[in-house]
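Can you look at this prediction? I've put the sequence above it.
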Amino acid sequence: MEPDDEIYANGEADSSNSRSRPIISSEQLDIEAYAGLYTGRTKITRLLFIADQCGQNNNTAMQMEALRMAYEEIKKGENTQLFRDVVHKIDGRLGDNYGMDSAWCEMVDRRADQRKEKLENELNAYRTNLIKESIRMGYNDFGDYYYAHGSLADAFKSYVRTRDYCTTSKHVIHMCMSAILVSIEMGQFTHVTSYINKAEQTADALDPNTVSKLRCAAGLANLDAKKYKLAARKFLEVGPELGNSYNEVIAPQDVATYGGLCALASFDRMELKNKVIDSINFRNFLELVPEVRELIHDFYSSHYASCLDYLGNLKANLMLDIHLHDHVQTLYDQIRNKALIQYTHPFVSVDLHMMANAFKTTVASLEKELEALITDNQIQARIDSHNKILYARHADQRNATFQRVLQTGSEFDRDVRAMLLRANLIKLEYKASRKP
């Protein structure tokens, strides 16, 4: 038996286990390294989300760092409204170099008006000439224009309008991917799911990279809907060809984190082994986030104290993730509950003192957690509060077998009686029809 397959009943590692473990990191998020994982609008929105969260937690240093990087990134684009919002949030706290640049705003707005007028004239000409491909490209250019300037609803409408002018499967895929990108930015995940389905219906034009992008988008949609098992399956289906090609939406590190946590919260032990730990594809993603890889191995090997340590140290940074923050507590609760259930399952009785030590909690807190699980019928047991022992309620197999036999006999008797009744009715009907 390999070390990773060993199960430690008391939730602690065997001292003979020489598997190397990285030191659990509780360091503050490196915003610059984190932002470097992304490109485009999502980079800015993630930085602004971090700034908002840090502002609520009175972490001014991180808030200012995130706002500074967002300011610099926005000035590389054309979204003047977002620029004004960031300047208002900075409120002069970063000095004169990060104040309102009215000249830049006026120049960008003037250039944007000129480009919009040019696009309108071109599109009108294309409509007059009824050139489908040119009309499609015209609407697509309008979508790009609106997206760059932060008008996401208008960008979505423009991208969707290209659908009537698509002449090839690749055009349909391009339209779907553009609509998915904008829908994710708007948080409209019903649209995301709809356009994923449309794209998947055009299977002949789907290359492996596009399929992986669609799996990522589907994973985010299911995560938003709190369908954690479906989200985990989608993230686990993402292929290594994704690489850094979808950084305008998600980084490969996110695939590992989102997929790993959703799998821990929703998969049973066998699924966790077959679909996560033994998955060659997903293993490549997990290598990018060693903490998530280790906590999954620890959970499977029943090293609960170490697993919960990893989770505890990752929590602060996960709360700064724009897609995951609303689900962190729910996922953590489900993972902890699964650990408690998995710990108690093999035993007839469990010493609560030993169990509390394995989960690094007090006996009183552990009792409350177990009470909730027993009440919810997730653990079949009762608690001896005086002696602090949990006793499992194993079903009486002998009695259960007799009950099943009696039930089967009763059902057989009912079926035979029904058959005899039907046979007699058919027989009587036949005789009645023979009478003159």
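Cool, the structure landed.

residues touching the closest residue to residue 28 other than its chain neighbours, list them.
In space, and not counting its chain neighbours, residue 28 is closest to residue 62: 6.9 Å by CB to CB, 6 or more residues apart in numbering. Heads up, the C-betas are built off the backbone N, CA and C, glycines and all. Contacts for residue 62 (CB atoms under 8 Å, 6 or more residues apart in numbering) come out as 28, 29, 31, 50, 51, 54.

Enumerate every residue touching the nearest residue to the fifth one once chain neighbours are set aside.
The one in question is residue 51. Once flanking residues are discounted, residue 51 sits nearest to residue 66: 4.0 Å by CB to CB, 6+ apart. Residue 66 is in contact with 31, 47, 48, 50, 51, 54, counting by CB under 8 Å, 6+ apart.

List the buried residues in the host helix or strand of residue 334.
Assigned by DSSP states H and E, residue 334 belongs to helix 328-344. Buried residues in helix 328-344, counting neighbours by 16 or more other CB atoms under 10 Å, are found at 328, 331-332, 334-340, 342-344.

Determine which two of those are furthest apart.
328 and 344 (25.1 Å; CB to CB).

who touches stretch 327-343?
9, 11, 223, 226, 228, 261-262, 264-266, 269, 299, 302, 304, 307-308, 311, 315, 318-319, 350, 355, 358-359, 369-370, 373, 378-379.

now the strands for the stretch 251-400 of the chain?
Using DSSP state E, counting those that start in this stretch, the strands of the stretch 251-400 of the chain run over 349-351, 381-384, 389-392.

Pull up the gap between the residue lying closest to residue 248 once chain neighbours are set aside and residue 105, please.
Closest residue to residue 248 in three dimensions, ignoring its sequence neighbours and counting by CB to CB, 6+ apart: residue 40, at 4.0 Å. To residue 105, residue 40 is 20 Å away according to CB to CB, to the nearest Å.

Redo the strands of the stretch 251-400 of the chain as TSV? Include mean pLDDT, mean neighbour count and distance to residue 428.
Shown next, in TSV, are the strands of the stretch 251-400 of the chain (pLDDT from 0 to 100; neighbours: other CB atoms under 10 Å; distance: least, CB to CB, whole Å):
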stretch	mean pLDDT	mean neighbour count	distance to residue 428
strand 349-351	84	17	63
strand 381-384	82	15	58
strand 389-392	82	16	57
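
how about a markdown table for the ones you listed, with distance to residue 189 added?
Compiled in a markdown table, the strands of the stretch 251-400 of the chain are given as follows (distance: least, CB to CB, whole Å):
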| stretch | distance to residue 189 |
| --- | --- |
| strand 349-351 | 41 |
| strand 381-384 | 39 |
| strand 389-392 | 41 |
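
Nearest to residue 155, out of those?
Closest to residue 155 of the strands of the stretch 251-400 of the chain, according to CB to CB: strand 381-384, at 55.3 Å.

export the closest one as PDB, just CAs?
Below are the C-alpha coordinates for strand 381-384, written out as PDB (Å, rounded to 0.1, in the frame of the first residue of the first chain):
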ATOM      1  CA  ALA A 381     -25.000   7.900  15.900                       C
ATOM      2  CA  ARG A 382     -25.800   9.100  19.500                       C
ATOM      3  CA  ILE A 383     -23.600  11.100  21.900                       C
ATOM      4  CA  ASP A 384     -22.800  10.100  25.400                       C
END
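
quick one: what helix or strand has residue 150 in it?
Using DSSP H and E, residue 150 sits within no helix or strand.
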